[in-house]
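> here you go, sequence then predicted model.
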Amino acid sequence: MTTTPTARVLCLRPEADFVAVGVAPSAGLEVEYLADETGLDAIGPEVAGLVLPSAGAAVPNELFATASGLRIVQFTGAGTDRVAPGVLPEGCAVCNVPGASAPDVAAYVVLAAGTLFRGLRWGDALLREGRYGEARAALVPARVRGFRGLRVGIVGFGDIGVHAARLFEAFGCEIAYADPVPPARAEAARYPRMELGELCRFAELLTVHVPLLPATRGLIGRGELAALGAKAVLVNAARGGVVDEAALIEALDAGQLRGVALDVYGEEPLPSDSPLLAAAERHRDKTLLTPHVAGVTPEASRVLFASAWANVEDVLVKGAAPEHQVR
């Protein structure tokens, strides 16, 4: 009688997350679940695989000091910046699951932008205070904006950027994008490609969809925000460091932006004393803050989790080459 080989895997998210969407690892994986890395002293040499969310704080480098047996670090999303380069043993693959939540993130951008352009938060707040007439009088055509003819600038034309373009085009928007590398996809030919500064001057809505890399840190800074001016809404559902948060606060205080929706932050979880929270309170009618949930839907989670576990099993149990290896 043959037995299925097992491999030790440490998963830094609760088992309940997977159970909730009906996804489980194969019997060939011996999995230890933790809510997160809090309280974890080290990743031992017996651990062959590490599974963790893309969202969250950086995993402390010292946890990997004894992780000599690691063969795969598998993220359950697209981002991989929580684990620093150079801390993993030689030959350990770092893998993600790209594109699975792209439709959901794109839908978030549409919902967030529509909420801000139509003044829905403001109207809701006034009605809750019993000020129906004032809300009705305030939300007149001159104070709101629909999607028809809206100029949408997309920063980064990967899977999410393409989905966003499709959705906004269906609403009758005018689309353009900026990407330092011409995308090798058919959709790129449908829309004009601009330099970032030109795109900011063009856009009434700027939505950001690039990974956090040295080249993209602070990509949207004072110059870009000034180019957007008072006409534009900014949505960032990529990574917090891509937008210069200090410059963003300055722009809000100077009245340079029509609205801002943020799903990601330079520090996550967002501290209770963050200057961003104070700025959002000062500009409550033109800001929308959410806790890194743009891609969080059960539909996306099923694909993300199943793909992640399948890749871990293929590498550790079947000896296959890893898929979607980013480093």
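Yep, it's here. Residues are numbered from 1 along each chain as shown.

> for residue 294, what are its contacts?
101, 104, 105, 108, 109, 237, 263, 264 (Cβ atoms under 8 Å, 6 or more residues apart in numbering). From N, CA and C alone the C-beta is placed, and that goes for glycine too.

> let me see the contact set for the last one.
Counting by Cβ under 8 Å, 6+ apart, residue 264 makes contact with 55, 236, 237, 238, 239, 240, 292, 294.

> leaving out the residues flanking it, which one is nearest to the fifth one?
Leaving aside its sequence neighbours, residue 239 sits nearest to residue 212 (Cβ to Cβ, 6 or more residues apart in numbering; 3.7 Å).

> the one you found reaches residue 81, doesn't it?
Yes - using Cβ atoms under 8 Å, residue 212 is in contact with residue 81, at 5.1 Å.

> any idea how far the most centrally placed residue in the chain lies from residue 80?
By Cα atoms, centre = their mean, the chain has its centre lying nearest to residue 238, at 3.8 Å. Taking Cβ to Cβ, to the nearest Å as the measure, residue 238 falls 13 Å from residue 80.

> could you chop the protein up by domain?
With automatic domain parsing as the criterion, the domains of the chain are listed as 7-100+298-316, 102-289.

> same list (the ones you listed) but as JSON lines, adding mean pLDDT and distance to residue 322.
Output for the domains of the chain, formatted as JSON lines (pLDDT from 0 to 100; distance: least, Cβ to Cβ, whole Å):
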{"stretch": "domain 7-100+298-316", "mean pLDDT": "95", "distance to residue 322": "4"}
{"stretch": "domain 102-289", "mean pLDDT": "95", "distance to residue 322": "19"}
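
> to residue 324, which of the ones you listed lies closest?
Comparison of the domains of the chain against residue 324 by Cβ to Cβ identifies domain 7-100+298-316 as nearest, at 5.0 Å.

> which residues of the stretch 101-250 of the chain fall in helices?
With helices called from DSSP state H, counting those that start in this stretch, the stretch 101-250 of the chain shows them at 102-117, 120-128, 132-138, 159-170, 196-202, 222-228, 245-253.

> could I get those as TSV with mean neighbour count and distance to residue 41?
Converted to TSV, the helices of the stretch 101-250 of the chain look like this (neighbours: other Cβ atoms under 10 Å; distance: least, Cβ to Cβ, whole Å):
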stretch	mean neighbour count	distance to residue 41
helix 102-117	21	35
helix 120-128	15	44
helix 132-138	13	54
helix 159-170	21	36
helix 196-202	18	44
helix 222-228	19	42
helix 245-253	18	32
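
> nearest to residue 176, out of the ones you listed?
Between these, helix 196-202 lies closest to residue 176; by Cβ to Cβ that is 5.7 Å.

> can you list contacts of that closest one?
In contact with helix 196-202 (Cβ under 8 Å, 6+ apart) are residues 151, 153, 155, 176-178, 194, 206, 219, 223-225, 227-228, 232.

> out of the residues you listed, which comes closest to residue 143?
For these, the nearest to residue 143 is residue 232 (15.6 Å; Cβ to Cβ).

> in contact with the spatially closest residue to residue 66 that is not a sequence neighbour, which residues are there?
Excluding the flanking residues, the one nearest residue 66 by Cβ to Cβ, 6+ apart is residue 42, at 4.9 Å. The contact partners of residue 42, by Cβ under 8 Å, 6+ apart, come to 62, 63, 65, 66, 67.

> ok, back up a step: and for residue 212 and residue 81, which residues touch both?
residue 239.

> where's residue 296 relative to residue 290, distance?
10 Å.

> these two: who's more crowded?
Under the neighbour definition other Cβ atoms under 10 Å, residue 296 and residue 290 were set side by side, and residue 296 has more, 18 against 14.

> alright, I will stop here.
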